[in-house]
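Asker: got a predicted structure here, sequence first:
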Amino acid sequence: QVQLVESGGGLVQAGGSLRLSCAASGRTFDNYLMAWFRQAPGSEREFVAAMTSTGGSTDYGDSVKDRFTISRDNPKSTVYLQMDSLKAEDTAVYYCAAQRIPAMLTRNARGYSAWGQGTQVTVSS
């Protein structure tokens, strides 16, 4: 199973930007579609963004579309989440997730079998 480690979280003011990284190891990164989810206290895990193994297709949650961008660097086995125009409601623990292909992009967390430990993002208003 692929191992995932997120980094890049922190405290930022509303309107600011952060870039999260998720480094994968243990398996061939090219064979995995990747996703980001987030979970705020007392809330369910929410889909943020996903990308196919080649990077050819993406999907975004409605609340982050046009503000967040997912990307991947397969030679570096890393997926990124660029977060711009951050809002207080973006505050959450952000998780990286992976699913070995063949698989379809999905917004359902059950569609991903590997998860990172999460990184905290706090947006102050």
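Answerer: Nice, thanks for sending it over.
Asker: use CA for all of it now, contacts and neighbours both
Answerer: OK.
Asker: residue closest to the middle of this structure?
Answerer: The centroid of the chain falls nearest to residue 36 when counting by CA atoms, centre = their mean (2.2 Å).
Asker: what about the one helix or strand that residue maps to, distance to the chain center?
Answerer: Assigned by DSSP states H and E, residue 36 belongs to strand 32-39. Between the centre of strand 32-39 and the centre of its host chain there is 4 Å, according to CA atoms, centre = their mean, to the nearest Å.
Asker: quick revisit: surely the residue nearest to the centre of the chain and residue 96 touch.
Answerer: Yes. Proximity of residue 36 to residue 96 meets the contact threshold set by CA atoms under 8 Å, at 4.7 Å.
Asker: beta partners of residue 82?
Answerer: Note on residue 82: beta-bridge partners residue 19, residue 69, judged by DSSP bridges.
Asker: report how many residues lie close to it.
Answerer: 14 (other CA atoms under 10 Å).
Asker: surely it is in contact with residue 19?
Answerer: Yes. Contact between residue 82 and residue 19 holds when scored by CA under 8 Å: they sit 4.4 Å apart.
Asker: report the buried residues of stretch 56-70.
Answerer: The neighbour-count check on stretch 56-70 (16 or more other CA atoms under 10 Å) flags 58-61, 64, 68-70 as buried.
Asker: what's in contact with that stretch?
Answerer: Counting by CA atoms under 8 Å, 6 or more residues apart in numbering, the neighbours of stretch 56-70 from elsewhere in the structure are 47-52, 79-86, 105, 107.
Asker: residue 2: which of those residues is nearest?
Answerer: For residue 2, the nearest member of the contacts of stretch 56-70 is residue 79. The distance, counting by CA to CA, is 13.1 Å.
Asker: coming back round to it: and the buried residues of stretch 56-70 as a markdown table, adding pLDDT?
Answerer: Output for the buried residues of stretch 56-70, formatted as a markdown table (pLDDT from 0 to 100):
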| residue | pLDDT |
| --- | --- |
| 58 | 97 |
| 59 | 98 |
| 60 | 98 |
| 61 | 98 |
| 64 | 98 |
| 68 | 98 |
| 69 | 98 |
| 70 | 98 |
